[in-house]
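Asks: Any chance you could fold what I've pasted below:
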Amino acid sequence: MPDAKFRVIRAGPLVSFQDLGRNGHMRFGVPKSGPMDIAAFKRTNRLLGNTLGATCIEVSIGGLELECIEGSISACIQGGDFHLTLDQGDIANGKIFTIASGQKLTIRAGKTGSWCYLSFAGSINTDTWLGASATHFISGFGGGALMADQILNVSKARMIDQLLDDKPIDQKAYQGYIRVTLGPQDHYFTPTAIRRLLNEEYKVSTAYDRMGMRLVGPNLELNTALSIPSEPLMKGSVQVAGDGVPTILMSDHQTTGGYPKIATVISSDLDMLAQLRPNQPLRFLAVTPQEAIRIARVKKIEQNS
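Replies: Numbers count the residues shown, from 1 in each chain. Okay, the predicted model is just below:
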């Protein structure tokens with residue numbers, strides 16, 4: 001099959017190559033990385049008949065503009081409500097389209113969402129690190145960030161004229177709250193702090209990137225000295241530093257840390273959380289660990305049905 005080639009005209013901040021991440025290395029201090037919105041990432045690959053973990057381009061609200069300089073190939077975008085144009089014509093999110101030599105593809109932020117995923121019906125040729133193309137943004141290891149004038153090669157280019165998967169999109173828009181389980185160190189906080197977390201409104205701050213989402217809102221006071229040993233961390237941990245400000249750890253989070261975690265976002269709501277934008281309000285709703293497991297099982301059944 002022929003190849004397709006692209007030139008990057010413009011790439012906004014945090015636009016990078018991502019696959020499903022590098023597993024099994026966190027004990028060595030290496031973050032997993034991978035997509036901020038896993039469901040959208042998998043969906044765009046599924047629609048094109050790619051493997052679910054095939055490398056995609058993760059696009060932030062900074063946007064992306066590409067020019068096809070050789071060949072032709074089908075592509076698809078999933079994720080937030082981004083505005084997509086091919087030359088001067090608009091294309092709907094989730095619709096498979098074909099881009100040919102001489103055409104320009106522009107992706108700009110729309111009304112909602114912070115991330116979208118551009119997938120090609122082929123194989124994006126990019127660097128890997130420890131067996132994965134997922135970009136760890138701080139170090140630049142993996143496929144890396146996209147830069148202006150960079151040339152992208154996509155091998156085994158295919159053209160597709162219909163959806164290969166017509167299942168409904170398996171992600172939900174923000175419902176007004178993000179579900180969490182309390183802990184593992186909620187006992188380090190005052191009862192007032194717990195009530196504030198679960199009953200008052202927070203906002204996503206402008207300090208939001210692939211490593212973490214710092215929130216603006218009521219401070220969460222500790223009821224003891226800030227002194228716990230460093231321990232392993234996970235995506236979704238709501239970590240509180242000495243200033244009482246909560247930060248939710250995201251895909252490029254550090255592997256260990258010594259700040260107490262007042263709560264943990266359940267896995268089923270992480271994609272929805274990632275799509276929130278700076279200054280957008282959010283609230284937390286506590287569920288039990290048993291309920292979080294039930295929610296995850298139901299979601300898996302719905303995705304596989």
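Asks: List the backbone torsions phi and psi for the residue nearest to the spatial centre of the chain.
Replies: Most central in the chain under Cα atoms, centre = their mean is Met36, positioned 1.1 Å from the mean C-alpha point. Note on Met36: its backbone torsions stand at phi -70, psi -40 [degrees, to the nearest 10].
Asks: Need the per-residue pLDDT for it.
Replies: We note a pLDDT of 98 for Met36 in this prediction.
Asks: same question, the one 10 residues further on
Replies: pLDDT, Arg46: 93.
Asks: so it makes contact with Ala54?
Replies: No - applying Cβ atoms under 8 Å as the test, Arg46 and Ala54 come out as separate, 9.9 Å apart. To be clear about C-beta, it is placed using only N, CA and C from the backbone, and glycine gets the same treatment.
Asks: So the residue nearest to the centre of the chain is in contact with Trp115, correct?
Replies: Yes - applying Cβ under 8 Å as the test, Met36 and Trp115 come out as touching, 4.8 Å apart.
Asks: residue ranges of the helices in the stretch 201-305 of the chain, please?
Replies: Along the stretch 201-305 of the chain, counting by DSSP state H, counting those that start in this stretch, helices occupy 270-274, 289-304.
Asks: rank those by mean pLDDT and give me the bottom one.
Replies: Among these, helix 289-304 carries the lowest mean pLDDT (a mean of 86).
Asks: and that helix, what other elements does it pack with?
Replies: With contacts defined as 3 or more Cβ pairs under 8 Å, 6 or more residues apart in numbering; DSSP states H and E, helix 289-304 has these neighbours: strand 178-182.
Asks: same thing but 10 Å
Replies: Helices and strands touching helix 289-304, by 3 or more Cβ pairs under 10 Å, 6 or more residues apart in numbering; DSSP states H and E, are helix 38-48, strand 178-182, strand 261-265.
Asks: does Leu276 really touch Tyr208, like I thought?
Replies: Yes - counting by Cβ atoms under 10 Å, Leu276 touches Tyr208, with 8.3 Å between them.
Asks: which neighbours do these two share?
Replies: 114, 248 (Cβ atoms under 10 Å, 6 or more residues apart in numbering).
Asks: that older thread, could I get the helices and strands packed on helix 289-304 in TSV, plus columns for mean neighbour count and distance to Thr192?
Replies: Formatted as TSV, the helices and strands packed on helix 289-304 follow (neighbours: other Cβ atoms under 10 Å; distance: least, Cβ to Cβ, whole Å):
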stretch	mean neighbour count	distance to Thr192
helix 38-48	24	35
strand 178-182	21	14
strand 261-265	25	12
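Asks: closest one to Glu302 among these?
Replies: Glu302 sits nearest to helix 38-48 of all the helices and strands packed on helix 289-304, at 11.0 Å, using Cβ to Cβ.
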